[in-house]
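> Have a look at this fold, sequence not included:
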């Protein structure tokens, strides 16, 4: 019997995913939004209380912005779209592993903009563990 893929991402799952990555800090902004940053620069935002359908916003590469925002359930992030951020308004449409990969990409993009010295202090980039089938 094939297992149905796990979908969506909760605030607790997001915290568990990137909370241990090198240099990551978490704080609360705009009331209830959990903001994850590296080197003081944001890379992911999600309401901590699960409001707004669990909306998940994060930075994407310039080359992927238009392609991703053409998909159902993904919009340019309000106030941050000019910096190539997207909001996944319906995270349950996406596999948890796919969302985790997007978040790791966001972390990697933002970290790459830090000084070379700070990047070196952070050590190796994290990787995602493959899910058991």
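Yep, it's here. Computed from a prediction, not measured in an experiment: that's the story for all the values here.
> Tell me how far residue 63 lies from residue 105.
In this view, residue 63 and residue 105 are 12 Å apart by Cβ to Cβ, to the nearest Å. Where C-beta positions appear, they are placed from N, C-alpha and C, glycine not excepted.
> before we move on, which element is the spatially most central residue of the chain in?
Nearest residue to the geometric centre of the chain (Cα atoms, centre = their mean): residue 103, 3.0 Å. If you go by DSSP states H and E, residue 103 is part of helix 96-112.
> quick revisit: more neighbours, residue 63 and residue 105?
More crowded of residue 63 and residue 105, by other Cβ atoms under 10 Å: residue 105, with 16 against 8.
> on that earlier part again, elements contacting the helix holding residue 103?
Contact partners of helix 96-112 among helices and strands, from 3 or more Cβ pairs under 8 Å, 6 or more residues apart in numbering; DSSP states H and E: helix 11-18, strand 33-38, strand 41-47, strand 56-59, helix 116-122.
> out of the ones you listed, which comes closest to residue 91?
strand 56-59 (5.3 Å; Cβ to Cβ).
> Who are the packing partners of that closest one?
Checking 3+ Cβ pairs under 8 Å, 6+ apart, strand 56-59 ends up next to strand 41-47, strand 85-88, helix 96-112.
> now what about it, what contacts it?
9, 14, 42-46, 77, 80, 83-88, 91, 99, 102-103, 106, 109-110 (Cβ atoms under 8 Å, 6 or more residues apart in numbering).
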